[in-house]
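[1] Using only what follows, build the 3D model:
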Amino acid sequence: MKKLWFIVLVVILGVFISIGAFASVPKSLTAEVVNYQIFMNGEKKNFNQPVTNINGVTYVPLRDVGENLGLDVKWEESEKKITLTSKQTASDDVKTDTVTSSVATSTNTSVQKTLTAEVVNYQIFINGEKKTFNQPVTNINGSAYVPLREVAENLGLDVKWGEYEQKITLTTKQTNNDDVLLPFRKDGIYGYMDKNGNVIIKPKFWYADEFSEGLARAMTTYGPGSGYFNTKGEVAIPFNGNLWGYSDFKNGTAIVQLHDDTYTYIDKTGKQLSNKTYDDAKSFSEGYAPVEIDGKWGLIDNKFNMVLDCQYEDLGEVCDGFIAARKQGKSGLINTKGEVVVDFKYDSIETFSEGLVCACINGKCGYINKKGEVAVDFKYNQIGGAFSENLAAVHVDYGLGFINTKGEVVIPGQFKDVFGDFSEGVAVVQSYNGLWGAINNKGEYVIDPKYGFLEDCKNGLMVAEDKGKMPCYGDIFYITKTGEEIKPKL
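    Numbers count the residues shown, from 1 in each chain. A predicted model of the protein is given here:
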């Protein structure tokens, strides 16, 4: 069922009296102009007014932010009021807007390096509720400027900082039930529960995925009863001899396997989006998807036009406009035009994360940047993952530890294995007793290693597996970052 939702931000000009939270703030501040590039869903956006830094806090022009988030911006002179209203009509699908800011070299030398920011006592209302910012709202050359992190969080956006690229990523939080229904396993059978452990869909599946964009892939047997299920437990798209789900939904599409063992894409109604089929396929990312024909990989756009001919031994998904590719036994990076960005000279290469990509050559692994320059020396025998929250797992001394983007060891090597990357301040690690726990960014255990398996943190929860009689046969439930276990109430 579709839900009409609005994000309304109302800024009302108040009197210029030094009272309230900003009583000790001077009437004007110095704003340093920072030359950021702004990206939304991979598309570069240009602000009419410069982004600034005031006392270490990033400030952005309110109108530019609103319009780049797809909001209607209206100025009412009589009330000195700015209203920002969402244009969006959303369904239960995931709707994600991502704004990325990264430091770049400015080509506009006429812009002043510093500006004067006048402190103004504005009242901020969001959906009728008054909000108080920790940092003052300012006026620069007649434009209202707001602290980026605070206005983003008040607009329901997640804020992520990437140290290496000096990058800020803002992502709209989910507004559907994807994180409400959780798959669990009891005595080898899967069902779904809510975050309180209340069983919503009774155990009946031999396999069940997490919900994605309002649908989850679940299987009773290789026959009737399997399909993509909605959050009510109803089969929305049944699997049969002609169609079998191959992937979760992402950006409104999923990959399915057809009766002749070829692959294609469907929408959330189950409609096949193109009559073209492929020997293999990967999910769409930034408007493109890798596909395989006759043993070679190429790239299609979201209209299913072939934009890169099938000539590669492998292609990764598009990430920040870059694609990990393999050709003649060597790996490198290309862009969506097929232009070589990083030469095909590596034994293996991954996708970018926080401005760096893991690569291996001659048995040693390290990290390179988007120019192909070595950022972290090729000296590691093993690398456990990409950079996330400014940390990456590598083999250090006697086990896996973590380094920062400068290559400095932050957490000494002491773990047998690592699952995934740092997420929401914690990383899942395996101790040498064979059991799994979770650590913080100081290397301290926040979850003792006592589980048969753990997965990385998502929305404050980690998938946990009991120590079963056989690997991968234990019960599956959830734990919080504080160690609270959430099990189905059967």
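[2] Quick check: buried residues in stretch 482-490?
    486, 487, 488 (16 or more other CB atoms under 10 Å). All C-beta atoms are positioned from the backbone trio N, CA, C, and that covers glycine.
[3] In a helix, residue 67, correct?
    Yes. Under DSSP: H, G, I helix; E, B strand; the rest coil, residue 67 sits within a helix.
[4] With adjacent residues omitted, what lies nearest to it?
    residue 73 (5.7 Å; CB to CB, 6 or more residues apart in numbering).
[5] okay, now that neighbour: neighbour count?
    16 (other CB atoms under 10 Å).
[6] close enough to count as contact, it and residue 82?
    Yes. At 6.9 Å, residue 73 counts as touching residue 82 under the criterion of CB atoms under 8 Å.
[7] which residues are common contacts for the two?
    Applying CB atoms under 8 Å, 6 or more residues apart in numbering, one finds that residue 73 and residue 82 are jointly contacted by residue 63.
[8] distance between the ends of stretch 191-205?
    Chord length of stretch 191-205, first to last residue, is 7 Å (CA to CA, to the nearest Å).
[9] Could you list the low-pLDDT ranges of the stretch 351-490 of the chain?
    468-472 (pLDDT under 70).
[10] All the helices of it, residue numbers only.
    With helices called from DSSP state H, counting those that start in this stretch, the stretch 351-490 of the chain shows none.
[11] What are the boundaries of the strands in it?
    All strands of the stretch 351-490 of the chain, identified by DSSP state E, counting those that start in this stretch, fall at 357-361, 364-368, 374-380, 392-396, 399-403, 409-415, 417-423, 426-430, 436-439, 445-451, 453-454, 461-465, 476-480, 485-486.
[12] residue ranges of the helices in this structure, please?
    62-68, 148-154 (DSSP state H).
[13] Show me what the last one is packed up against.
    Applying 3 or more CB pairs under 8 Å, 6 or more residues apart in numbering; DSSP states H and E, one finds that helix 148-154 contacts strand 57-61, helix 62-68, strand 157-162, strand 167-172.
[14] now with 7 Å?
    Where contact means 3 or more CB pairs under 7 Å, 6 or more residues apart in numbering; DSSP states H and E, helix 148-154 is packed against strand 57-61, strand 157-162.
[15] what about residue 329, how many residues close to it?
    8.
[16] That one and residue 312: what is the separation?
    Using CB to CB, to the nearest Å, residue 329 is found at 12 Å from residue 312.
[17] Give me the mean pLDDT for stretch 234-251.
    Across stretch 234-251, pLDDT averages out at 88.
[18] Can you measure across that stretch, start residue to end residue?
    Across stretch 234-251, first to last residue, CA to CA, it's 21 Å.
[19] cool, stretch 284-302 as well?
    Terminal-residue distance, stretch 284-302 (CA to CA): 8 Å.
[20] what's the answer for stretch 52-71, then?
    From its first residue to its last, stretch 52-71 covers 22 Å (CA to CA).
[21] Can you give me the buried ones in it?
    52-54, 57-69, 71.
[22] can I get the CA coordinates of stretch 483-490 in CSV?
    Output of stretch 483-490 as CSV, limited to C-alpha atoms (Å, rounded to 0.1, in the frame of the first residue of the first chain):
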residue,chain,number,x,y,z
GLY,A,483,24.8,-8.4,23.9
GLU,A,484,21.1,-8.7,24.4
GLU,A,485,19.8,-11.8,22.6
ILE,A,486,16.5,-11.6,20.7
LYS,A,487,15.0,-15.0,20.0
PRO,A,488,11.7,-16.1,18.5
LYS,A,489,8.9,-16.5,21.0
LEU,A,490,7.6,-19.9,19.9
